[in-house]
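# Need coordinates for the following:
(2 chains)
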Amino acid sequence: MWITRLRALVIKEFLALLKDKKSRLVIIVPPMVQLLVFGYAATFDLTHIPYALYNEDAGMPARDLAARFSGSPNFHEVTRITHEAEIRPLIDRKQVLVVIHASPTFSRDLRLKQSADLQVIVDGRESNTAMLALNYARTIVQEFNAQWAKAHGLAGAPARISVRSWFNPNLESRWFIVPGIVGLLTMVVTILVTALSVAREREQGTFDQLLVTPLRPVEILAGKAIPGFIIGALEATVIIFMARFWFQVPLIGDLPSLYAGLFLFLLSAIGVGLMISSLAITQQQGLLGAFLFLVPAIILSGFATPIANMPPLIQDITLLNPLRYFMVVLRGVFLEDLPFPLLLAQLWPMAIIGVCALGFAGWLFRHRMY
Amino acid sequence: MTIDPTELPATGSRRGGTVMRLRGLIRKEFLQIIRDPSSIAIAFLLPVVLLLLFGYGVSLDAEHVPIALVVENANADSSGLTGAFQQSRYFNPMKFSTMAAAEGALRSHQVDAIVWLRENFSTRFRQPGGAPIQVLVNGGDANNARMISGYIQETTAGWLEQWARTNGIDVADLVTVQPRVWFNAELRSRNFLVPGLIAVIMTLTGALLTALVMAREWERGTMEALMVTPVAVREILVGKLFPYFVLGTGGMALSVGMAVWVFDVPLRGSLWVLFTAGSLFLFAALGMGLLISIVAKNQFVAGQVAIIVTFLPAFILSGFLFDIGSMPEPIQVLTHLIAARYFVEILQSVFLAGDVWPLLIPNAVALILMAVVFLGLSRLKFQKRLE
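Next up is the predicted model:
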C-alpha cells in the first residue's frame, strides 16, 4: 500500500522537476558544461607567466640565465627593458607579472666573488600567483647554479635535497582539482533539485494538500528525496566517467568505496537541501538558504584551499560540512587508494549529518505552519 | 494584447506622471522587501557571513604543516637539521624511527611530508657530492605539495648556511634570488583574497536580489494587475532596479568597510573610484538577475539558473583564485563573459596598488557594456503582453 503511494509521489516529483523544458535543461546541461570549463580553468600550474627582462649586464652568465627563463614553458618574455623607470608602468598595468633584473656587476660578481644577486620583482596583487612565480624563478636559478658549479669545479653544498611526490608524481594540479569539481557539481545538482521543492509547494499552497492526503510525513520525505537521489547519482556517474576518461585522472581506488561515499554524501546533501526548503516559506527564502549553505560549503570544503590552513574555529565549523568528507573520499579514491580506516572516518559523519538533516526536515513538514 | 504607452496621446502631464508612477512602484517594491526580509538578509547578512567565513577561512599560507622526520643515525649534524625544522613556524615535525612507520603516517594523512636522513647521512656529509636528504611529499594537493617542498628547501638552505658559517667554511652561494614583492610585501593571501571575495559576494547579492522579482509577479498573477495600469515597461524595470540597487550599494559599503577595518586590507586607491566601479558592477549583476527572472518567468527555474550561473563561474573563472593567464585559450575567451572578472581586477588594483587608470578604464568600459547588454536584453525580452 505504502509502495503505491510512494511511487505516485515520486512520479509527481519527477514530473514537477522535468516537465518544464527550461527546468529540464537547467538540471542536465550546465553540470556537464561546467565540468568541461572548470576542469580546464581551475589550475594552479602557471604557464606563460608574462615577464620583462631588465638585463644591465653584457656578460655571458647573465645572458645564459636569461636564456633559461625565455626557454622555460612557465615563463613568457613580453619585452626587454633598459631603464628602471620602465618597470612601474609595466607592472601597474599588469602587462607583466614579473621583472627579472640583473645588475651591471652580475657577471663580474659571479666570477670573482662567486656570489651574485638576481632581483626578481613580482606583482603581489595576486599573491598566490606571485608566490608560485617566485618558486618557478628559484627553480630556474637553482638549475643554473648547479650547472655553473659543475662547470667550474666548485664544491657543492654538503647536503642536497631530492624531492619525490607520492600519488601525483608530476604535481599536476588538475589531478587534484577535477575530482574536487566532481564533488562541487554533485552538490550543486542536489541542492538545485531539493532546495526549492518544498518551498515552492508551500508558496503555492499545494503542500497543505499533500499533508491532508493519507501520505505519512516519512513518505513525503522519501518522495521528495528519491528524485534528488536518482538525478544526483546519475549525474555524478557521468561526471566521474568524464573525469576518468576525458581528463585522464587516474582512478586507482575501488569503485565500491567511491559509491559508498557518493551514497552517503547524497543522503546528507539532500537532507540539508530539504531542510532548507522546509524552513523557507517563500522560494526567495529557499534560494537565500541554498546560497547560505552552498557557498560556505564549497569554500570550506578544502576544494581550493587546504582546511589545515584555516584557523581552529573555522576548522571546527567544517566538521559540519558534508562536502568536506566527500572531497577526501573522492581524492583518496581517485589518486591514492584510500586506506579503509580513513575511508570509514569520512563515511560516518556524512551518515550522521544525513540522518539528522532528513529527520529535522520531516519534523518541519508538520510543525512549521504559518 | 499590447499596450504601448508611447502610442497613447502625449499630454502635458505625462512627465510628471512618470515620476508619480515610479514613486508608486518603488514604494511598492520597498514594502515587499520589508515584508519578506529575505531581501534585506541577502543584501546585508550574506556579505557579512560570507566575508567573515572566507576572510578567516580561505588562506593559502600553510603553517604548522605536520611532517615526519626519519633520522636513521642521529648525530650532531643531523640534530642541527632537525632542530631547524622544530624551530620553523612552517612545520610541526614528528619523529619516526623507521621509514615504514613514517610511510604509514603519510598514507593515513597524519603527515604531509617525510624528511628522511639515511644512515650514511653524516659519512657522506663532508664528501664531494654531498649527503642526500630524501623528501617525500603527498602530492595529491599539487599546489600545497609544491609549497611544502619549497618550505622544506628554504629551511634546509638556512640550516646549511648557518652550518657553513659556524664551521668557517666558505660555501659558494652563486646566484641568489632577491625577491621584491610589490603591493603586498609580506605576500599576505588575505590581502588579495578579500578584494576578490567582495566581487564574488556582490555577484551573488546582485543576481539573487533581482533573480526572483519578475518571476514572482508572473507566478502570482500580479504582473497582470501591473499591466492594466498605465505604467510603461521601462518604468517597471526602473522601479524594480532602483530599490535593489540601493540595497546592493549598502551591501557593498558594508563589505568594503569590513575589508578595511576587520581584515586590515590596505585601501590605496580612492573611495569614489571604488564606488563608481561598484555601481557599474551592480548594474551588470542586477541586470543579469533581472534578465534571468524575465526569461524564466517562474521562480523555481529562475532560482535554479541563478544558482548555476552566479557562484561557481564567479569563483572559478574570475581570476580571483585561479590565474586566468594559465587557462587554455578558449577558456580565457570565455572568462570575458564573467562580469566579476573585470570587477576583481579593479578591486585588487584599487585596494592594493591605487588608481591605475590604464587598467581601470578598460575594465570599467567592459562593465558598462555588460550592464547595457543585460539591461537592454531585459527591456527587449520583457513585453507588456499576456500569453
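# Next up, the contacts around A:Ile87.
Applying Cβ atoms under 8 Å, 6 or more residues apart in numbering or on different chains, we find A:Ile87 in contact with A:Ala52, A:Tyr54, A:Ile81, A:Val99, A:His101, A:Ile121. From N, CA and C alone the C-beta is placed, and that goes for glycine too.
# Could you list the low-confidence segments of the stretch 1-150 of chain A?
Along the stretch 1-150 of chain A, segments meeting pLDDT under 70 span A:127.
# Now do the strands in it.
Applying DSSP state E, counting those that start in this stretch to the stretch 1-150 of chain A gives strands spanning A:49-55, A:75-80, A:98-102, A:115-123.
# now those in CSV, with distance to chain B?
Formatted as CSV, those follow (distance: least, Cβ to the nearest Cβ, whole Å):
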stretch, distance to chain B
strand A:49-55, 7
strand A:75-80, 9
strand A:98-102, 9
strand A:115-123, 5
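# quick one, which of these is packed in tightest?
Among the strands of the stretch 1-150 of chain A, the stretch with the highest mean neighbour count (mean count of other Cβ atoms under 10 Å in any protein chain shown) is strand A:98-102, at a mean of 24.
# Can you give me the neighbour number for the residue of the stretch 151-300 of chain B found nearest chain A?
Nearest to chain A in the stretch 151-300 of chain B, going by Cβ to the nearest Cβ, is B:Asn184, at a distance of 3.2 Å. Per other Cβ atoms under 10 Å in any protein chain shown, the neighbour tally for B:Asn184 reads 24.
# again, but for A:Val29
A:Val29: 11 neighbours (other Cβ under 10 Å).
# Excluding residues flanking it in the chain, which one is nearest B:Thr205?
Excluding the flanking residues, the one nearest B:Thr205 by Cβ to Cβ, 6 or more residues apart in numbering or on different chains is B:Gly251, at 5.1 Å.
# Wasn't that neighbour part of a strand?
No. Read with DSSP: H, G, I helix; E, B strand; the rest coil, B:Gly251 is helix and lies in no strand.
# Quick check: B:Phe245 is in a helix.
Yes. Counting by three-state DSSP, B:Phe245 is part of a helix.
# Distance of it relative to B:Ala207?
B:Phe245 is 13 Å from B:Ala207, where distance means Cβ to Cβ, to the nearest Å.
# shared neighbours, these two?
B:Leu286.
# These two: which has the busier surroundings?
Neighbour comparison, B:Phe245 and B:Ala207: the larger count goes to B:Ala207, with 30 against 18 (by other Cβ under 10 Å).
# didn't the more buried one look like it was pressed against B:Thr310?
Yes. Judged on Cβ atoms under 8 Å, B:Ala207 makes contact with B:Thr310 at a distance of 4.6 Å.
# hey, what's in contact with both of the two?
By Cβ under 8 Å, 6+ apart, the residues touching both B:Ala207 and B:Thr310 are B:Met288.
# Where do the domain boundaries of the chain fall?
Answering for chain A, as no chain was given. What automatic domain parsing lists as the domains of chain A is A:2-42+A:172-367, A:49-151.
# try again with chain B
Per automatic domain parsing, the domain ranges recorded for chain B read B:17-58+B:188-381, B:65-166.
# need the residues of the stretch 251-387 of chain B near chain A, please.
Within the stretch 251-387 of chain B, the positions adjacent to chain A are B:296, B:298-301, B:303-309, B:311-313, B:315-317, B:319, B:321-323, B:325-328, B:331, B:334-335, B:345, B:348-349, B:352-353, B:356, B:358-359 by Cβ under 8 Å from any Cβ of the partner chain.
# Which ones among those residues map onto helices?
In this view, those that belong to helices under DSSP state H are B:296, B:299-301, B:303-309, B:311-313, B:315-317, B:331, B:334-335, B:345, B:348-349, B:352, B:358-359.
# Buried ones only from these, please, as a ChimeraX command.
Applied in ChimeraX, the following selects the buried portion of these according to 16 or more other Cβ atoms under 10 Å in any protein chain shown:
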select /B:296,299,300,301,303,304,305,306,307,308,309,311,312,313,315,316,317,331,334,335,345,348,349,352,359
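# Which of the helices and strands in chain B ranks last by mean pLDDT?
strand B:174-182 (a mean of 74; mean pLDDT, DSSP states H and E).
# Spatially nearest residue to the residue of the stretch 151-300 of chain B closest to chain A (excluding sequence neighbours)?
Leaving out its chain neighbours, the residue that sits closest to B:Asn184 by Cβ to Cβ, 6+ apart is A:Gly124, at 3.2 Å.
# Counting neighbours, what do you get for the one you found?
Residues near A:Gly124, counting by other Cβ under 10 Å, number 27.
# contacting residues for it?
A:Gly124 neighbours (Cβ under 8 Å, 6+ apart): A:Ala130, B:Val181, B:Trp182, B:Phe183, B:Asn184, B:Ala185, B:Leu187, B:Asn191, B:Phe192, B:Leu352.
# can you map out the helices along the stretch 201-350 of chain A?
A:206-212, A:217-245, A:255-279, A:283-299, A:312-317, A:322-331, A:340-367 (DSSP state H, counting those that start in this stretch).
# B:Glu235: which of those is closest?
helix A:283-299 (22.9 Å; Cβ to Cβ).
# That closest one versus helix A:255-279: what angle between them?
Put simply, helix A:283-299 runs at 150 degrees to helix A:255-279, going by axes from the mean of the first three to the mean of the last three Cα atoms, to 10 degrees.
# now helix A:283-299, how far from the centre of its chain.
Distance of helix A:283-299 from its chain centroid, counting by Cα atoms, centre = their mean, to the nearest Å, is 18 Å.
# returning to that earlier point: touching, the residue nearest to B:Thr205 and B:Leu50? I think so.
No. With contacts counted by Cβ under 8 Å, B:Gly251 stays clear of B:Leu50, the gap being 10.5 Å.
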